[in-house]
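**Q** Show me the folded form of this:
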Amino acid sequence: MNIAAFLLTTLAGLSTLLGTIPILIKQNKNIIISSLSFAAGVMLTVSIIDLIPEGINYLNNIYKPFPTILILSIFITLGIIISMTIDNYLNNREGELYKIGIISMLAIILHNIPEGIATYLSTESNFKLGLSLAIAIALHNIPEGISIALPIYYGLKSRGKALIYTLFSALSEPLGALLAYLFLSKIITNNIMGILMGLIAGIMIQISIYELLPTSLKLKNKKLTILSFILGILFMITNHILLK
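**A** Down below sits the predicted model:
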């Protein structure tokens with residue numbers, strides 16, 4: 001195993017735990033509003049400027065443009081349906097915020113595993129490229145951690161459970177690196193990665209538009225919701241431009 005590649009991937013994943021910082025601050029409705037809408041902006045932007053283009057790039061290596069768009073659209077839609085199904089299953093279980101935290105955790109775990117694979121393999125072949133990728137991933141993992149920790153904390157009133165669920169998500173990044181080292185680097189195809197990008201994008205879009213934003217708006221500070229949502233978008237666009 002390439003130790004440097006594995007350590008970089010692990011550190012990028014553990015940055016998700018920085019998203020638990022808001023739960024250490026005294027409870028305040030504005031913190032919930034801004035954190036949920038900021039996370040919505042981040043997740044929606046990640047889907048549009050990272051996951052969907054990545055999916056197109058992977059599938060373009062196999063198919064012509066029209067089949068590529070069609071296949072990706074099908075799996076984005078499937079991702080939305082999967083997220084809605086999980087949403088319905090979790091209804092009336094511990095409250096709305098808890099449900100959002102669980103769905104976010106599942107989506108981010110699915111997102112982090114291929115990120116871990118990509119970071120490990122990139123670092124193994126080119127350390128500078130892997131370092132840039134790890135920094136970019138670490139930066140956007142922080143608001144993703146917020147989208148897990150804060151809803152679970154306010155839903156269950158438990159810092160411990162919020163930390164544990166966020167840790168699960170953080171550890172999925174080095175899990176991806178481990179899977180890459182053991183066998184996935186030999187069997188993962190462009191087709192599989194493209195489909196996975198579409199599924200994850202669909203799940204994140206559903207969480208952002210149908211869960212995080214509406215929950216933030218229900219807390220009746222529309223200006224703060226919109227401002228935080230825009231800041232989340234700008235944060236990810238800036239991150240994307242600077243570290244591309």
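
**Q** lowest-confidence helix or strand of the chain?
**A** Across the helices and strands of the chain, mean confidence by mean pLDDT, DSSP states H and E is lowest for helix 185-187: a mean of 68.

**Q** who touches residue 58 in this structure?
**A** Residues counted as contacts of residue 58 (Cβ atoms under 8 Å, 6 or more residues apart in numbering) are 190-191, 193-194, 197. Where you see a C-beta, it was placed from the backbone N, CA and C, and this is true even at glycine.

**Q** re the thing from before, buried residues in the helix or strand just after the least confident helix or strand of the chain, which are they?
**A** Following helix 185-187 in sequence order, the next helix or strand is helix 190-207 (DSSP states H and E). Under the neighbour-count criterion of 16 or more other Cβ atoms under 10 Å, helix 190-207 has 193-207 buried.

**Q** before we move on, what about stretch 232-244?
**A** Taking 16+ other Cβ under 10 Å as the criterion, stretch 232-244 shows 232-233, 235-236, 239-240 as buried.

**Q** any idea which of those residues is closest to residue 12?
**A** Distances from residue 12 to the buried residues of stretch 232-244, taken as Cβ to Cβ, are shortest for residue 239 (13.0 Å).

**Q** Could you report the pLDDT at the closest one?
**A** According to the prediction, residue 239 has pLDDT 76.

**Q** Regarding residue 233, which helix or strand does it belong to?
**A** Here residue 233 sits within helix 222-242, counting by DSSP H and E.

**Q** from the middle of its chain, how far away would that helix be?
**A** Averaging C-alpha positions (Cα atoms, centre = their mean, to the nearest Å) puts helix 222-242 15 Å from its chain's average.

**Q** Check stretch 153-160 too.
**A** A distance of 20 Å separates the centroid of the chain from that of stretch 153-160, by Cα atoms, centre = their mean.

**Q** Stretch 135-148 now?
**A** A distance of 7 Å separates the centroid of the chain from that of stretch 135-148, by Cα atoms, centre = their mean.

**Q** ok, which stretches of the protein are helices?
**A** 3-14, 29-46, 52-60, 65-90, 96-125, 127-156, 159-179, 185-187, 190-207, 213-218, 222-242 (DSSP state H).
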